[in-house]
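Participant: Sequence first, predicted model second:
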Amino acid sequence: MYADEAGRLSVWGLIDQGNRYYDFVNYESDSGPDRPGIFQASIEGIGHIVTYIGYDKLAELKVNALVRNARDVLRGGTISDKLDTGILTHLGSVEKQLPKNLRDSFPDWIAGLSDEWTSSICRLLLRVQNYRHGGAILITGDSSFSGLRIKHQIEYPRLSTALARRAVFRIQESLASDEILEEYLKKDSEDIPIELYFDEVINKGDCEDADSEVEGAIWFISLLSRVDGLVLMNPSLEVKGFGVEITFPGEPSSIFIARDRRAKNKHLRKLDYERFGTRHRSMMRYCSKISNSVGFVISQDGDVRVMTQVRGKLVVWENLRLQLHDFIRRTKVSKKIVSQKE
């Protein structure tokens, strides 16, 4: 937009990057555009406005409530610690599937693979959130499933296996690409071994197929949340049932909301059990009884809360940061630049 000599404003051009931006922050694309302007404002619904600078959310206005400081509890803090069992299982599975001659490089991939595993939970929660139907996902280490009535019992490990396969293909494709670059292209070699070239091309194609498999698994699991009851998963993200009802009676002795990722006592504030709906209250009853459980509840209005037991107390976190944001984007870019320089 610009002003002419008379001071009249005219539209010079219209920039539409909404779809590319949406795909990137919701983990549907590996890259995203720089966002135009000093800041951006997005109308999400009636009385619901969100403002950003670049990819960082500044604040969110919901009718008469201003929400700030989204908490990235899935990538650090108590909730992250509770999910470590699943991440370690995932890393072990990937390392086991790698050819023996590539396992020496595996430690370099641990941070990235851990983040991809966590991102799959974010993608699942965002997908459920976008349905505007509400839902609940329970990750529990209690294999006896006490306190649960599973209406539809299934064994669906596809998300877990697809994540591991994608990781293996990505590592193999990346190592082949690096070898071609370092040993042949940078040395102006005219010949690249056909086996090495095939390793790069075939693994790249397999990785794209695995991306689609992960996407399909997340889509399927998110649809299960539309059935009344919660979606039940073990720490490895294998679905064990849906339409699950929590049968534990009695409300927790006390409930706290955390204002930091570690749920330090000085940052806890008491919550009233009765202010929440049926979905939240049942999840609170379960998580207060089973210490190694993590419960996610998505409201119809889009709010996402997570809860678990901390030092014998039931603690709830709200205003979760689920979408990709600038810190992660810059980290990925900087790692890529460093690897290229090296």
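Facilitator: Sure, I can see it.
Participant: Determine the longest helix present in this structure.
Facilitator: helix 194-224 (DSSP state H).
Participant: Who are the packing partners of that helix?
Facilitator: Applying 3 or more Cβ pairs under 8 Å, 6 or more residues apart in numbering; DSSP states H and E, one finds that helix 194-224 makes contact with helix 110-131, strand 148-156, helix 158-180, strand 239-246. (Glycine included, C-beta is placed from N, CA and C.)
Participant: Check which strands are paired with the second one and give the direction for each one.
Facilitator: Sheet pairing of strand 148-156 (DSSP bridges) gives strand 239-246 (antiparallel).
Participant: what's the following helix or strand after the partner strand?
Facilitator: strand 255-258 (DSSP states H and E).
Participant: residue ranges with poor pLDDT in the stretch 101-250 of the chain?
Facilitator: Counting by pLDDT under 70, the stretch 101-250 of the chain contains no low-confidence residues.
Participant: Need the residues that contact stretch 157-171.
Facilitator: 90, 93-94, 97-98, 102, 105-106, 109, 113, 116-117, 120, 203-204, 206-207, 210-211, 213-214, 216-218, 220-221, 236-239 (Cβ atoms under 8 Å, 6 or more residues apart in numbering).
Participant: Buried residues in that stretch, which are they?
Facilitator: Neighbour counts over stretch 157-171 (16 or more other Cβ atoms under 10 Å) mark 158-171 as buried.
Participant: Between these, which sits nearest residue 320?
Facilitator: Nearest to residue 320 among those, counting by Cβ to Cβ, is residue 159 at 19.7 Å.
Participant: re the thing from before, tabulate the buried residues of stretch 157-171 (TSV), appending distance to residue 323.
Facilitator: Converted to TSV, the buried residues of stretch 157-171 look like this (distance: Cβ to Cβ, whole Å):
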residue	distance to residue 323
158	24
159	20
160	23
161	26
162	22
163	19
164	25
165	25
166	21
167	22
168	27
169	26
170	22
171	26
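Participant: now the angle from the longest helix of the chain to helix 110-131?
Facilitator: Helix 194-224 and helix 110-131 are oriented at 40 degrees to each other (axes from the mean of the first three to the mean of the last three Cα atoms, to 10 degrees).
Participant: please renumber so the chain begins at 780
Facilitator: Done: numbering now begins at 780, and the last item shifts to helix 973-1003.
Participant: Which positions within helix 973-1003 qualify as buried?
Facilitator: In helix 973-1003, counting by 16+ other Cβ under 10 Å, buried: 975, 978-979, 982-983, 985-986, 989-990, 992-994, 996-997, 1000-1001, 1003.
Participant: Pretty sure residue 966 sits in a strand.
Facilitator: No: with DSSP: H, G, I helix; E, B strand; the rest coil as the criterion, residue 966 is located in coil rather than a strand.
Participant: Burial check on it, number of neighbours?
Facilitator: Counted by other Cβ atoms under 10 Å, the residues lying close to residue 966 total 8.
Participant: Can you give me the distance of the spatially most central residue of the chain to residue 894?
Facilitator: In the chain, the centroid-proximal residue (Cα atoms, centre = their mean) is residue 901; its distance is 2.1 Å. Here residue 901 is placed at a distance of 10 Å from residue 894 (Cβ to Cβ, to the nearest Å).
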